[in-house]
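Visitor: quick one, fold the following:
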Amino acid sequence: MVDCVGVDQARTASAACLQIATEKLGQTPVFWGRYFKAPGDTSPIQYQANLETQFFNNHNIKVLPVGRQTANVDTPDRRLGHQDGLNNAAAMIASFGAAHLAMMTEVAVFLDVEIDTPLNHVYYDGWSEGLIAGGRDSNVRFAPCIYGHHNDGTTWQELGKAISNGAVCGAAWIVFMESMNFPIGPWKSKFTGRNMPPDVRVAIAQRVLDFKDAQGRAYDFDLVNPAHQDWLLQRLILPKAAPVVGEIPMAFDATMQRVFNRGVPPTDFLAELVAWGRTAPDEIFEPNNVTDIYSNVVGVLGPWQGLQHRRAAMLEVMRVLAGFESSWNWNAGRDVGNPTSVTPDTIEAGAFQVSANSMNFGQELKDLVRRKVGSLDGNEFQAAMKHDHQLAMEYVARLLRRTVNHHGPVKRHEIDEWLRRDAVAEFRTLLDAIS
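Guide: Residues are numbered from 1 along each chain as shown. Okay, the predicted model is just below:
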């Protein structure tokens, strides 16, 4: 039986590193461990979706997610753990897209615990709870797991306490480097940890740590327990191929820039935005005499240079607005912080958080909803804004041409700081490429 092996690195994955890893392992790695911390973190230590997604998809290599907040894990602070778990979940959803992750049975996430900062069970209670909660609204099922040294008896003992308190641990990934030699297999029964809780499956052993190539790049090499191989592999992430609109693959860079504290937009969201922008009626973007979104942001993104420029600028406004309103969640519901969101007509819905009473800003808004939904009922409006993405995009664009007062972040110019001219240029390139 061929060993199931992988690599993990604290650097952006590359073809050069893949070549070295393949040579050392004697086969292409099945998975690649990468760190996740919080959305919008541009450090190469953390996974960079815009640089790595297509690489892993092209080579059919799964991503093994590692939750990285190593300095916090020994702190007896449940709230801190919970927030870190939420951040890790948000980082993965932003990187891979909620819809893609929701298709998986579960997504295994390994909390990084180093031997010099052993785990505290209170922190793990909060982290595992936060990680699971972070996927719940998006129907993503995260499986908390843990990485630690086999001799770190404190960590495994603390993990046992957390499990006794009701915390979840799907699997352990242990450091066990008795030789540092290649090949790194086969699996041995001694690959476990001191004080390892009896019900925790030991799924991976890190057999070689900090191997350096001629360029000084560091690699860790990992061996999967064949008894748990099936469990593990179906819980690792094979990123989706770059979205394609028409015949053109979408490569996003400037449009992946961070928005406020919401992280970066999922590529699936951007692809839908570009696809809609390609076919949306010209009338949505043509000049008018109303104080609208174009007059509101002309100082940030203008002056306008024709219809295609205006079209691309609208996509940029929608990119940033959806980040502010929902973190690009198509299924977002009522804003619990809004005391007026209490009736079917005032409750917000969808990525752009529009409510049915906004139809009063223009007859064409009512006509659009009636044509697409069949009625102007508030509950049906909410459902449509969540599930009919084409409608949601056309509706918010038309609404923004009527008023800048429906969305607080637009009215208060909070989006302005996050609008990017280079993102408009990239949207225009993408629109021109598929026109």
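Visitor: helix or strand right after whichever strand or helix holds Q206?
Guide: Per DSSP states H and E, Q206 falls inside strand 202-212. Downstream of strand 202-212, the first helix or strand assigned by DSSP H and E is strand 218-224.
Visitor: quick one: contacts of the following helix or strand past that following strand?
Guide: Using DSSP H and E, the helix or strand that directly follows strand 218-224 along the chain is helix 229-233. Helix 229-233 is contacted from outside by C4, V30, F31, K62, A108, A171, R201, A203, I204, V224, using C-beta atoms under 8 Å, 6 or more residues apart in numbering. In short, each C-beta sits where N, CA and C put it, glycine included.
Visitor: residues of helix 229-233 that come out buried?
Guide: Of the residues in helix 229-233, Q229, W231, L232, L233 count as buried by neighbour count, 16 or more other C-beta atoms under 10 Å.
Visitor: likewise stretch 306-313?
Guide: Q308, H309, R310, R311, A312, A313.
Visitor: what sits against the nearest residue to G26 once chain neighbours are set aside?
Guide: Of all residues not flanking G26 in the chain, P183 sits nearest, at 6.1 Å (C-beta to C-beta, 6 or more residues apart in numbering). By C-beta under 8 Å, 6+ apart, the contact list for P183 reads D3, L25, G26.
Visitor: closest one of these to A423?
Guide: Nearest to A423, judged by C-beta to C-beta, of those is L25 at 39.3 Å.
Visitor: contacting residues around the closest one?
Guide: V5, V7, F182, P183, I184, F221.
Visitor: quick one, what contacts the first one?
Guide: Think V5. Counted by C-beta under 8 Å, 6+ apart, V5 has contacts L25, Q27, P29, V30, I184, G185, F221, D222, L223, V224.
Visitor: what is the end-to-end distance of stretch 272-286?
Guide: 22 Å (C-alpha to C-alpha, to the nearest Å).
Visitor: now do the buried residues in that stretch.
Guide: In stretch 272-286, counting by 16+ other C-beta under 10 Å, buried: E272, L273, V274, A275, W276, G277, R278, A280, I284, F285.
Visitor: residue ranges of the helices in the stretch 51-200 of the chain, please?
Guide: 78-96, 98-102, 121-136, 153-164 (DSSP state H, counting those that start in this stretch).
Visitor: figure out which of those is closest to V317.
Guide: Nearest to V317, of those and by C-beta to C-beta, is helix 78-96 at 19.6 Å.
Visitor: tell me how far stretch 325-344 is from the chain's mean position?
Guide: 20 Å (C-alpha atoms, centre = their mean, to the nearest Å).
Visitor: apologies, that question was intended for stretch 90-101.
Guide: Using C-alpha atoms, centre = their mean, the offset of stretch 90-101 from its chain centre is 3 Å.
Visitor: and if you look at stretch 279-290?
Guide: 32 Å.
Visitor: what of stretch 298-309?
Guide: On C-alpha atoms, centre = their mean, the centre of stretch 298-309 falls 30 Å from the chain's centre.
Visitor: need the contact partners of that stretch.
Guide: Against stretch 298-309 from outside (C-beta under 8 Å, 6+ apart): 282, 285-287, 294, 310, 313, 316-317, 416, 419, 421, 424, 428, 431-432.
Visitor: I'd like the next helix or strand past the lowest-mean-pLDDT helix or strand in the chain.
Guide: Using mean pLDDT, DSSP states H and E, the weakest-scoring helix or strand in the chain turns out to be strand 248-249, at a mean of 55. Beyond strand 248-249 on the C-terminal side, the first helix or strand identified by DSSP H and E is helix 267-279.
Visitor: domain assignment for this protein?
Guide: Residue ranges for the domains of the chain, per automatic domain parsing: 5-233, 244-433.
Visitor: low-confidence stretches in the stretch 201-350 of the chain?
Guide: The stretch 201-350 of the chain contains residues with pLDDT under 70 at 242-250.
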